[in-house]
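[1] Task: produce atomic coordinates for the following.
(chains A, B, C and D)
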Protein chains: 2
Amino acid sequence: MPTTKTLREGSARKRAAILSAARELFLADGFDRTSVDAVAARAEVSKRTVYDYFGDKQTLLRAVVDAVGQSLITTIRRTLDDTLTDLPEAAGLEDALVTFSMSIATDMLGSAEYATLQRLVRAESGHLPHRGYNSMADTPDEALAERFAALAAAGLLDVPDPRLAADQFIALTFGVALDRLGSANAAEDARVRPLVVEGVRTFLRAYRTR
Amino acid sequence: MPTTKTLREGSARKRAAILSAARELFLADGFDRTSVDAVAARAEVSKRTVYDYFGDKQTLLRAVVDAVGQSLITTIRRTLDDTLTDLPEAAGLEDALVTFSMSIATDMLGSAEYATLQRLVRAESGHLPHRGYNSMADTPDEALAERFAALAAAGLLDVPDPRLAADQFIALTFGVALDRLGSANAAEDARVRPLVVEGVRTFLRAYRTR
DNA sequence: CGACTACACTACACCGTGCAGTGTAGGAAA
DNA sequence: TTTCCTACACTGCACGGTGTAGTGTAGTCG
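    The predicted model follows:
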């Protein structure tokens, strides 16, 4: 066990590989059209191993969604800290929000992924028991809502219902971008930025303190 | 040479029944999880007839999406005329928009249907050639955009880009409602209205002339 | 009037295939 | 040894799609 980070590191690696392969295939081809064999092949893992790790195709989907959700929320938190911590002057707020949104849409392979996966869970695999949501703000919207509340407390925004504002912000930026362009490539596309900018402006016209 | 390689025209009633059954099942269970046998059973029609009318499951999906889209746009046009023609005073604008949105969400079995079906087409059945969209404003957003332009011309709204405003309006109302609650029952649910009301208010704070 | 034809539709059997899930033997590591 | 993993064969089944025999019905011709 010299330099080895044993302790099931191999296991964790395989687990991650499976998760990653499943995510890519589910997103590309849809849940039903993705065979477990294909997932196993892409993960360079035996099909049997997939079934040993996750017992079920459904469960695998759940795991993928949870993983992406966690990853997304971490990215959001970090980006939030990078772009919105030292509460900017009112003048810089628009730029800060645009930067934040574009970071999410670009850095992250695609926040679209999360939305698409949510659709998959809902549309394709019926109704599994809804997320655990223990207590913390462990959903992307709530992380954003927290920050809006802070901005409100700092007197930059006039936000009576931070959670609602967060949802509306997301809808105005990612929502319209997602609706207009296919859910696929979120970054890259040059048409995304203007849409996001306009979304932020609309949001600020509605929520900025006067 | 079997002269009948063409698809049947047949009785419109059966055709409609199949379309309707397919719509309900596709929405409830998803495209892949819906068997053609199930569609036929629900339509009280032979499975063979389904294949005679539409030659293919894919084609059936396309037909369903087109039908719903047409129906939706008709409803929107009518509702638009009913609620937003005699340009209301600035004071009544909020109520008018709320009424409009709720009419769409209620009267129509669910504008959610359209969105969900679009997802289905994209996510499940790969990429068929995108809609024909000949020239007219035959997409819901554009119908709404037209009306916003009219409201702007009347001095009630300050809308430089009507099409964008329409997309943002839809995102603020239906978008958030769809995200929060499952895509399923759009009407009925008492939680929809407050969401729509708040969406309209946000929209007006951003776009109303000052 | 009946006989015949054309057609829309059903009921049903059937084929091929893709796929979820399992059982197991065996190899490599620890 | 035990533990983990792979390779692979195999089952069971659901589903898309087709072919066909047969039924009801409307119209046409004699």
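
[2] Nearest residue to the middle of chain A?
    A:Leu72 (3.8 Å; Cα atoms, centre = their mean).

[3] tell me which element that residue is part of?
    For A:Leu72, the element it lies in under DSSP states H and E is helix A:57-84.

[4] other SSEs contacting that helix?
    Under the contact definition 3 or more Cβ pairs under 8 Å, 6 or more residues apart in numbering or on different chains; DSSP states H and E, helix A:57-84 sits against helix A:9-29, helix A:36-42, helix A:93-107, helix A:111-119, helix A:140-153. Where you see a C-beta, it was placed from the backbone N, CA and C, and this is true even at glycine.

[5] any residue of that helix up close to DNA strand C?
    Yes. Judged by Cβ under 7 Å from any atom of the strand, helix A:57-84 comes into contact with DNA strand C through A:Lys57, A:Gln58.

[6] list the buried ones in that helix?
    By neighbour count on 16 or more other Cβ atoms under 10 Å in any protein chain shown, the buried set for helix A:57-84 is A:57, A:60-65, A:67-69, A:72-73, A:75-77, A:79-80, A:83-84.

[7] rewinding a little: would CSV of the helices and strands packed on helix A:57-84 with mean neighbour count, mean pLDDT and distance to DNA strand C be doable?
    Converted to CSV, the helices and strands packed on helix A:57-84 look like this (neighbours: other Cβ atoms under 10 Å in any protein chain shown; pLDDT from 0 to 100; distance: least, Cβ to the nearest atom of the strand, whole Å):
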stretch, mean neighbour count, mean pLDDT, distance to DNA strand C
helix A:9-29, 17, 87, 7
helix A:36-42, 17, 97, 4
helix A:93-107, 19, 86, 31
helix A:111-119, 20, 63, 17
helix A:140-153, 19, 88, 29
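
[8] quick one: which of these is nearest DNA strand D?
    Ranking the helices and strands packed on helix A:57-84 by their distance to DNA strand D (criterion: Cβ to the nearest atom of the strand) puts helix A:9-29 first, at 4.3 Å.

[9] what does the closest one contact?
    By Cβ atoms under 8 Å, 6 or more residues apart in numbering or on different chains, the residues outside helix A:9-29 that reach it are A:34, A:38-40, A:42-45, A:49-50, A:53-54, A:60-61, A:63-64, A:67-68, A:113, A:116-117, A:120.

[10] tell me the domain boundaries of chain A?
    Each domain of chain A is listed here as a residue range: A:1-55, A:68-207, per automatic domain parsing.

[11] I'd like those domains as a markdown table, with distance to B:Phe203 appended.
    What follows is these, written out as a markdown table (distance: least, Cβ to Cβ, whole Å):
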| stretch | distance to B:Phe203 |
| --- | --- |
| domain A:1-55 | 32 |
| domain A:68-207 | 7 |
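
[12] okay, those domains in JSON lines with distance to DNA strand D next?
    As requested, the domains of chain A are arranged in JSON lines below (distance: least, Cβ to the nearest atom of the strand, whole Å):
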{"stretch": "domain A:1-55", "distance to DNA strand D": "3"}
{"stretch": "domain A:68-207", "distance to DNA strand D": "13"}
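
[13] Nearest to B:Gly92 among these would be which one?
    With Cβ to Cβ as the criterion, B:Gly92 lies closest to domain A:68-207 of these, at 19.8 Å.

[14] distance between the ends of that closest one?
    One end of domain A:68-207 to the other measures 30 Å (Cα to Cα, to the nearest Å).

[15] ok, now which ones touch A:Leu117?
    A:Arg23, A:Phe26, A:Leu27, A:Val64, A:Val65, A:Val68.

[16] How about residues contacting stretch A:190-200?
    By Cβ under 8 Å, 6+ apart, the surrounding residues in contact with stretch A:190-200 are A:94, A:97-98, A:101-102, A:105, A:169, A:172-174, A:176-177, A:180-181, A:186, B:161, B:164, B:168.

[17] if we go to 7 Å?
    By Cβ atoms under 7 Å, 6 or more residues apart in numbering or on different chains, the residues outside stretch A:190-200 that reach it are A:94, A:97-98, A:101-102, A:105, A:172-173, A:176-177, A:180-181, A:186, B:164, B:168.

[18] pLDDT (mean, whole number) over it?
    Mean pLDDT, stretch A:190-200: 92.

[19] just how off-centre is it within its chain?
    Taking Cα atoms, centre = their mean, to the nearest Å, one finds stretch A:190-200 lying 18 Å from the centre of the chain it belongs to.

[20] May I see the buried residues of that stretch?
    In terms of neighbour count (16+ other Cβ under 10 Å), stretch A:190-200 has its buried residues at A:Val192, A:Arg193, A:Leu195, A:Val196, A:Val197, A:Glu198, A:Gly199, A:Val200.

[21] A:Phe174 and B:Ala149, how far apart?
    In this view, A:Phe174 and B:Ala149 are 26 Å apart by Cβ to Cβ, to the nearest Å.

[22] ditto for A:Arg147
    A:Arg147 sits 35 Å away from B:Ala149, going by Cβ to Cβ.
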